[in-house]
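Student: Next input, structure requested:
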Amino acid sequence: MNGLARRLLVACALTAFIAGCTWPSERIVLLPAKDDRPTAVVVKRGEREIVLDRPYAATELTPADPWLYRSSEAEIGKTFGEALGAQPTRAASFTLYFIEGSDTLTEASKAVLEQVFADLKDRKVADVVVVGHTDAVGTDPFNDALARQRAESIRNALIQRGIAPTDIVAVGRGKRELLIPTADGVAEPRNRRVEVLVR
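Tutor: Numbers count the residues shown, from 1 in each chain. The predicted structure follows:
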């Protein structure tokens, strides 16, 4: 094989190699926060540092330095739509308040309970934990029973709206976990509550 043929063969092999190679890269995109809170991510490779501090700010990490660019909702949907669609819905928590000594919701908390129903309606799978609490007025046995009664009343309301009983756990904590620390015997409306965690 003469020198020209050898050079042509090497050039062809090199071209085929380059055409067949794809450089590994990794894309990082800052998605908007669900509640529109400002967020940021710092991406560092070697000495290079990139700050992603706006929704859809993005970087591509390549063998060379990472570079900053602006992605979009449409691009994310096209590229990652299937993966994002498979993610579980984010957990949500709600606090419901009660009239003193009872399992009757305050008027404001009746509206919050409707928010719980709306949240559960949008979930494919429900996993609900309902935790009842009391203030520091009364004996431990009384408060344990009242906290449990409050939790059960919310659990029953969820069941009436179609949530399977097996998907809801209800427990009572009495006055053991006061939201607002008080002395024993002090009536505090914010402690008379049920916390609903939806996952």
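
Student: how does this protein divide into domains?
Tutor: Residue ranges for the domains of the chain, per automatic domain parsing: 23-84, 92-198.

Student: for the residue nearest to D167 when sequence neighbours are not counted, what are its contacts?
Tutor: Spatially, and ignoring its direct neighbours in sequence, D167 is nearest to A126 (4.6 Å; CB to CB, 6 or more residues apart in numbering). Every residue, glycine included, has its C-beta placed from N, CA and C. The contact partners of A126, by CB atoms under 8 Å, 6 or more residues apart in numbering, come to L120, I163, A164, D167, I168, V198.

Student: circling back: any chance of the domains of the chain in a markdown table, plus mean pLDDT?
Tutor: As requested, those are exported to a markdown table (pLDDT from 0 to 100):
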| stretch | mean pLDDT |
| --- | --- |
| domain 23-84 | 82 |
| domain 92-198 | 96 |
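
Student: and the residue lying closest to D127 once chain neighbours are set aside, how many residues sit next to it?
Tutor: Nearest-residue entry for D127: R199, 4.4 Å, with adjacent residues in sequence omitted and distances by CB to CB, 6+ apart. Residues lying near R199 (other CB atoms under 10 Å) number 14.

Student: ok, now K78?
Tutor: Neighbours of K78 (other CB under 10 Å): 9.

Student: Pull out the buried positions in the helix or strand harbouring it.
Tutor: Here K78, judged by DSSP states H and E, is contained in helix 73-85. Neighbour counts over helix 73-85 (16 or more other CB atoms under 10 Å) mark I76 as buried.

Student: which residues in this protein form strands?
Tutor: With DSSP state E as the criterion, the chain has strands at 26-29, 41-45, 48-52, 57-61, 67-70, 92-97, 128-132, 168-172, 193-198.

Student: which residues sit against the fifth one?
Tutor: When you say that, I think you mean strand 67-70. Contacts for strand 67-70 (CB under 8 Å, 6+ apart): I50, L52, Y56, A57, A58, T59, E60.

Student: try 7 Å this time
Tutor: I50, Y56, A57, A58, T59, E60 (CB atoms under 7 Å, 6 or more residues apart in numbering).

Student: sorry, back to before: quick one, which of the domains of the chain is packed in tightest?
Tutor: Neighbour counts (mean count of other CB atoms under 10 Å) averaged over each of the domains of the chain peak at domain 92-198, with a mean of 16.
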